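Visitor: Here's my sequence, what's the structure:
(chains A and B)
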Amino acid sequence: MPTSSRRLAIVGLRNSKWSNFSLKTLGVVDYGVGNLRSVANALDYIGTQWGIVSSPDQVSEFDRLLLPGVGAFGSAMDRLEKTGLKESLLQAYRGGQPLLGICLGMQLLTEGSEESPSVDGLGIIPGMTTKLPGGGIETNTGFRTVTAVDGDRSLVWDKPERDYYFNHGFRVEPTAAVSVGTTTWGGLSICAAVEFENASGVQFHPEKSQGQGLALLKNFAASGSLRL
Amino acid sequence: MKKRIILGLLFDGTHFYLSRNFRLQKLGDLDWLQLNFQIFDLASHVDEIAVFHVRRTMSSQDFGLALQHLTSRIFVPVSVGGGLQNMHEVDTMFRSGADRIMFSNSIWTQPQLIRATSQKYGAQATMGVVNFLTNDGGKIVARRVQNGTGETEEIGQLLAAIHELEMGELVMQSVDRDGTGQGYPISVLGVLSHFPRTPVIAAGGFGSTAHVAECLVDDRLQAVLTSNLLAFLGDGLSRARNHALRLGVEMARWEELEDFF
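Guide: Next comes the predicted model:
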């Protein structure tokens, strides 16, 4: 299993923002689809210890859980169900283990998705995943500006706005005030990041968003939240 | 929507290539590319990397390992294409660092593979690549490889197929201008007027920052893709980006890794 990069572990310590934190172990949930390699590269870079979670008994071996995502909602939930990971992830959430969903991983945290109407989601984030509003281009691909809902607490640490990489055709519509970051799509403000109890989610890909994305992942490894 | 600059890499698993009118010229391996082009630094100045598996002398499994090595220090999206034959190969690319898959000939020959990819990974993870050229009659046609040779087909049918397959983005790649540095034939975009829903990436012919900016200011285009490494030596792509920003093009702004780490 890949471990932290020595060089980056050293340079990471130089940054005073993180120097008061010890990075926790991250379990990357492997449900058969998704860009595990990209996430692995990012975690190696930030210098945290991590491993793969592919069976229910592995969930408790890590301090924090990361649910990455490239894929379709229905097949992803099907895999989580069949492997027993769905129930163990819910148990971990109920037990207070910090959990971060990325892109599809964030959508899986909701109650369900229009992409697969007959399939239930994990039901952690109150709300549904719906198709991006039409009116032209229907896939949101590229960098977009994410604005922190609470301007005093940025998604990294020092700016209320940053650009992150999105690639999705569906969006999360929370029914409670859990959105901590928004972006715009077709003139509408849409949810880009959520935090609810010990669960977090980002619609964008931090592992593909240059330095600010890696910093966000390091925040999660350090604090269990999107922010320090 | 912020516009994007995509760096194309023609890669056979060990060596990188330049292309001119789709004829390949070998450059060197990854160490050579890093030494001469600082590829990992270049990647921090572009929005995306597109890797084209050329020559296909290597198995998908081995190419996947090479892709893992190539992308290990690249923290922007990676699209991969080049003769993928089945879902096992598609899965291998995703597991090796690909975020999206580019399909070209498969649009004609294997639409079921594109549908299966879309079903498993989402439509946004698929891209259609149209290689177009102007035929002797002055008409824009699509290039298709059949039995190892390039043939031409009516372009409208291909665009309709991409539209019907609901692919995430469309790469319009000029065969005539490929590697020439003469600029992108922007007038060709008129053929897209019936297919406004699919975001379009221009590829082929970029030889200067002005060529890149000319396309980025065009409302019909979301991105430009250049594989012309020699035309953008050193900080060429960074200069192209700054040129576009000065013209008012909305592009992503990001801090470099050194700003954080």
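
Visitor: Tell me which residues are up against stretch B:60-68.
Guide: A:37, B:11, B:13-14, B:51, B:53, B:58, B:78, B:80, B:84, B:88-89, B:92-93, B:95-98 (Cβ atoms under 8 Å, 6 or more residues apart in numbering or on different chains). Placement of C-beta: from N, CA and C, glycine included.

Visitor: and with 6 Å instead?
Guide: Counting by Cβ atoms under 6 Å, 6 or more residues apart in numbering or on different chains, stretch B:60-68 makes contact with B:13, B:53, B:89, B:92, B:96-97, all of which sit outside it.

Visitor: ditto for stretch A:49-56
Guide: Applying Cβ under 6 Å, 6+ apart, the contact partners of stretch A:49-56 are A:1, A:4, A:25-30, A:43, A:59, A:84-85, A:88.

Visitor: Next, check the residues you listed against the helices and list the overlap.
Guide: A:43, A:85, A:88 (DSSP state H).

Visitor: where's the residue of chain A found nearest chain B, which helix or strand?
Guide: Per Cβ to the nearest Cβ, A:Phe143 is where chain A lies closest to chain B, at 3.2 Å. Here A:Phe143 sits within strand A:140-148, counting by DSSP states H and E.

Visitor: who's in contact with that strand?
Guide: Residues outside strand A:140-148 that contact it (Cβ under 6 Å, 6+ apart) are A:154-155, A:160-168, A:181-183, A:185, A:192, B:1-2, B:4, B:252.

Visitor: mind listing what it pairs with, with the direction of each?
Guide: Strand A:140-148 sits in its sheet next to strand A:161-168 (antiparallel), strand A:179-185 (antiparallel), going by DSSP bridges.

Visitor: deepest of the ones you listed, which one?
Guide: Here the criterion is mean neighbour count by mean count of other Cβ atoms under 10 Å in any protein chain shown, and of the strands paired with strand A:140-148 the winner is strand A:161-168, at a mean of 24.

Visitor: Now do that one, average pLDDT.
Guide: Taken as a whole, strand A:161-168 has a mean pLDDT of 93.

Visitor: cool, and stretch A:116-133?
Guide: For stretch A:116-133, the mean per-residue pLDDT is 95.

Visitor: Now the strand holding A:Phe143: average pLDDT?
Guide: Here the average pLDDT along strand A:140-148 is 91.

Visitor: In terms of helix, strand or coil, where does A:Ser200 fall?
Guide: With DSSP: H, G, I helix; E, B strand; the rest coil as the basis, A:Ser200 sits in strand.

Visitor: any chance of the strands paired with strand A:140-148 in TSV, plus distance to B:Leu233?
Guide: Converted to TSV, the strands paired with strand A:140-148 look like this (distance: least, Cβ to Cβ, whole Å):
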stretch	distance to B:Leu233
strand A:161-168	26
strand A:179-185	35
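
Visitor: Okay, helices next: where are they in chain B?
Guide: Using DSSP H, the helices of chain B run over B:30-37, B:39-42, B:60-70, B:87-95, B:106-109, B:111-121, B:155-164, B:209-216, B:236-246, B:257-260.

Visitor: For chain A, list the residues in contact with chain B, please.
Guide: Proximity of chain A to chain B (Cβ under 6 Å from any Cβ of the partner chain) is limited to residues A:11-12, A:33, A:35, A:37-38, A:41, A:70-72, A:75, A:137, A:139, A:142-143, A:163, A:165, A:167-169, A:208, A:210-212, A:215.
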